[in-house]
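based on what follows, work out the 3D shape:
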Amino acid sequence: MQNTVKHIIKIGVMAIAMTLFFSCKNNFKEVQKIGISANEPQGEAEGINAKRTDSGRVSANLISPKMLDYGNRSFGYSEFPKGITLYVYDDDNKKSTIISDYAILYTQTDLIDLQGNVIVATPTNDTLYAKQLYFDQQKKWMFTNLPVTYKSVSEGVITHGEGFDSDKDFRLTDVLEISGQFAVSE
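Presented below is the predicted three-dimensional model:
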């Protein structure tokens, strides 16, 4: 009888030990998330001045008063709620300036979504005004399907349209669905 009780106790202890052993799992990622709400940024920064280089030379310079980092999401991004100033340099080191009231930089696609009073000024003083503009940093291409106004100093024309496509150097520009074009005198 005493042997049977010992045997039952051994089996019970082994069953509890096995249950504990197999119920344990690696929760390190979940432990890291403790204290970070799913809707909160994982980081905040002020006074941003980030430079992107290509073959040893600066190809872009992003300046912003505030950045919120949501890199902890499955499709990570950085948000610039107080807007940005982005300088994009061509191969001759000539600078185009892009300004917006708000921006989002999608980390995985390298796409910048510029919103609110978007202004792009080229080294030749051609200027684009838009409500929203996307800048694909990998393809070095800008585009939108929203209303735009494009002022071409070299052609002396202001063009209104419903969309815009251009390379970053404004050598290949296209105003889409032109709704008006006006000659500008000096």
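
run through this structure and note the low-pLDDT ranges.
Within the chain, the stretches with pLDDT under 70 are 1-3, 5-7, 10, 12-38, 184-186.

strands of that one, start to end?
43-54, 57-69, 77-80, 84-89, 95-100, 102-106, 111-121, 127-136, 141-144, 148-152, 157-161, 164-167, 173-175, 180-183 (DSSP state E).

surely V157 is in contact with G180?
No. With contacts counted by CB atoms under 8 Å, V157 stays clear of G180, the gap being 10.4 Å. The C-beta positions use only the backbone N, C-alpha and C, and glycine is treated the same way.

more neighbours, the two?
V157 (14 against 9; other CB atoms under 10 Å).

residue contacts, the more buried one?
Residues near V157 by CB atoms under 8 Å, 6 or more residues apart in numbering: 151, 181-184.

so for F170, what's the nearest residue that isn't a sequence neighbour?
T122 (4.7 Å; CB to CB, 6 or more residues apart in numbering).

what of Y129?
Here the residue nearest Y129, using CB to CB, 6+ apart, is T149, at 4.4 Å.

what is the one you found paired to in the beta sheet?
In this structure, T149 bridges to Y129, H160 when assessed by DSSP bridges.

that one: neighbour count?
Neighbour tally, T149, other CB under 10 Å: 15.
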